[in-house]
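**Student:** I'll drop the sequence and a predicted model, then ask my questions.
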Amino acid sequence: MSNISTSKAESILIVGAGAFGLSTALELTSRGYTNITVLDRYSPPVPDGSSVDVSRVIRTEYADPVYSQMAQEALQGWKSEYKDHYHHTGFAMLSETASNPYIKKTLEIVHDQGRVLDEFVDGNGLKQPYPDIRADFSSLRAYHNREGGWADAEGSIRLLGHRCSQAGVSFVTGPRGTVRSLRKRGSRVVGVDVLSGDFLPAAHIILSIGAWSNLLLDLTHAASASGQPVGFIQLSPQEAHSISRTPVMINLTSGIFCFPPTPGTNILKVARHSYGFATTLATEGSDQTVSSPKRDANNADKSFLPDEADQALRDGLRQLVPQFAERPWSNCRLCWYTDTPEGDFVIDFHPTLDGVFIATGGAGQ
Ligand SMILES: *[C@@H]1O[C@H](CO)[C@@H](O)[C@H](O)[C@H]1NC(C)=O
Ligand SMILES: *[C@@H]1O[C@H](CO)[C@@H](O)[C@H](O)[C@H]1NC(C)=O
């Protein structure tokens with residue numbers, strides 16, 4: 001809200017109660033804005049939002065100096081304000097080749113920033129810091145960061161939503177908070193039409209709706225949404241204990257990654273960070289279709305995975321956690337990503353629509 005003269009009492013509607021929307025709302029309150037309303041289909045933690053699940057990787061090494069720096073700053077927040085939701089387990093990257101371009105670039109940046117990663121030419125070297133690893137990593141290279149681990153995404157979003165409420169942010173959810181379309185007057189967006197009740201006017205609208213972005217605004221090639229597979233396996237407390245001393249592990253050759261079991265629920269989670277699956281949904285009031293999760297259903301409900309994806313997660317588990325690889329899924333689904341051409345966030349005023357600010361593309365580097 002810096003390039004426009006905004007009275008701090010003007011109304012700001014934030015569509016989307018995920019990490020981008022809520023953190024923007026909280027920041028605006030701290031800068032003195034007083035009329036902020038967050039809209040979403042569900043109250044946060046939004047069950048199918050990309051910011052919500054049992055876990056999200058927290059790591060500080062990226063193949064880009066800006067994100068690498070941001071991640072280090074964020075880690076300080078995880079270790080202080082959000083420490084109850086942060087699990088410091090360490091993070092390991094595995095690769096079949098030493099010449100993986102992502103790893104090369106990442107190491108360069110980490111070294112430039114004066115940091116070190118442990119590098120193992122024989123991946124089994126990981127078994128020293130992590131004695132619960134059973135897999136054979138001898139044909140792989142491994143890179144290990146003692147910093148990092150994972151966060152309880154749902155718990156931390158709940159805390160963030162709570163902090164927003166306490167700071168005076170209003171929430172509207174359910175059909176009244178479900179945006180169908182932007183209401184325009186000339187080149188200016190003056191509010192939103194919702195599923196139930198009157199149109200909601202606003203001086204400024206911030207769209208932070210992640211994978212749903214293209215349903216409301218045609219972002220063409222700036223951001224595209226696809227679902228990537230994730231599977232969950234229920235372990236017994238003893239089984240979970242037997243692999244508690246393992247890090248978050250990703251095989252960069254396949255994109256398969258898995259988390260240590262979640263304390264309390266003992267759920268083992270495996271996912272793929274690679275290519276996903278698109279959908280075709282009609283957009284409101286036009287005959288255009290876009291790839292997006294559904295608007296009027298909970299996309300996190302138990303669902304099936306395409307055979308190829310199911311197989312890939314199984315193969316990944318056989319390589320990373322072989323002892324539990326044949327267990328049935330207790331749940332599996334697609335996790336929605338919003339990919340941008342370079343993996344960058346898209347955070348800016350809309351180039352042609354006045355009154356609209358966009359924050360999307362959080363799917364990662
Ligand atoms: C906030 O803005 C809305 C929309 O313009 C307006 O109806 C409402 O009265 C405002 N609330 C306050 C407390 O100023
Ligand atoms: C990593 O992925 C590659 C490609 O799918 C696979 O050949 C290799 O066995 C995997 N290794 C581990 C330890 O996951």
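**Tutor:** Right, received. Where do you want to start? Quick caveat: nothing in here was measured; it's all calculated off a predicted structure. Ligands and ions are numbered 1, 2, ... in the order given.
**Student:** burial of residue 349, as a residue count?
**Tutor:** 16 (other Cβ atoms under 10 Å). (Glycine included, C-beta is placed from N, CA and C.)
**Student:** Can you list the residue ranges for helices in the stretch 51-200 of the chain?
**Tutor:** If you assign secondary structure with DSSP state H, counting those that start in this stretch, the helices in the stretch 51-200 of the chain sit at 65-79, 101-112, 153-166.
**Student:** Would you mind finding the most buried of these?
**Tutor:** Greatest average neighbour count among the helices of the stretch 51-200 of the chain goes to helix 153-166 (a mean of 19), per mean count of other Cβ atoms under 10 Å.
**Student:** How much space separates residue 212 from residue 33?
**Tutor:** 24 Å (Cβ to Cβ, to the nearest Å).
**Student:** who has more neighbours, these two?
**Tutor:** Each of residue 212 and residue 33 had its neighbours counted (other Cβ under 10 Å), and the higher figure belongs to residue 212 (28 against 21).
**Student:** quick check, distance from stretch 221-240 to the centre of its chain.
**Tutor:** Averaging C-alpha positions (Cα atoms, centre = their mean, to the nearest Å) puts stretch 221-240 11 Å from its chain's average.
**Student:** In contact with the residue of the chain found nearest ligand 2, which residues?
**Tutor:** Nearest residue of the chain to ligand 2 (Cβ to the nearest ligand atom) works out as residue 319 at 3.0 Å. The contact partners of residue 319, taken as Cβ atoms under 8 Å, 6 or more residues apart in numbering, are 135, 251, 256.
**Student:** Residue of this protein nearest ligand 1, please.
**Tutor:** Using Cβ to the nearest ligand atom, the point where the chain gets nearest to ligand 1 is residue 11, with a distance of 3.2 Å.
**Student:** what's the neighbour count on that residue?
**Tutor:** Considering only other Cβ under 10 Å, residue 11 is surrounded by 16 other residues.
**Student:** To which secondary structure element type does residue 244 belong?
**Tutor:** Secondary structure for residue 244, judged by DSSP: H, G, I helix; E, B strand; the rest coil, is coil.
**Student:** does it really touch residue 266, like I thought?
**Tutor:** No: using Cβ atoms under 8 Å, residue 244 and residue 266 do not qualify as a contacting pair, with a distance of 9.8 Å.
**Student:** Look at those two and report which has more neighbours.
**Tutor:** Looking at residue 244 and residue 266 with other Cβ under 10 Å, you find the greater number of neighbours at residue 266, namely 17 against 13.
**Student:** In strands, which of the contacts of residue 319 appear?
**Tutor:** Within the contacts of residue 319, membership in strands is found for 251, 256, as judged by DSSP state E.
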